[in-house]
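Chemist: Build me a model from this:
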Amino acid sequence: WNLYTKIDKYNLQCYNEKHDDSGKDVFRAWEEQLVRSKVYFVFDLFK
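Modeler: Sure thing, here's the model as predicted:
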């Protein structure tokens, strides 16, 4: 069983994205987990 296969990436909506459709890149196949060039995730707690 693989959760990644259950995610509908075509209809996924992410809010507060800095780059359009970049939120979809957070959900990746297991083989792509170490590929860091696709993820633009920034967490700033004190903004």
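Chemist: Where does pLDDT dip in the chain?
Modeler: 1, 36, 38-47 (pLDDT under 70).
Chemist: for it, what spans make up the helices?
Modeler: All residues of the chain lie outside helices when identified by DSSP state H.
Chemist: So which residue is smack in the middle of the chain?
Modeler: Most central in the chain under CA atoms, centre = their mean is Val26, positioned 1.7 Å from the mean C-alpha point.
Chemist: Please tell me how far that one sits from Tyr4.
Modeler: From Val26 over to Tyr4 the distance is 11 Å, taken as CB to CB, to the nearest Å. All C-beta spots, glycine's among them, are computed from the backbone N, C-alpha and C.
Chemist: Repeat that for Asn11.
Modeler: 15 Å.
Chemist: Comparing those two, which shows the higher neighbour count?
Modeler: Tyr4 (11 against 6; other CB atoms under 10 Å).
Chemist: Without its sequence neighbours, what residue ends up closest to that one?
Modeler: Nearest residue to Tyr4 in three dimensions, chain neighbours excluded: Ala29, at 5.5 Å (CB to CB, 6 or more residues apart in numbering).
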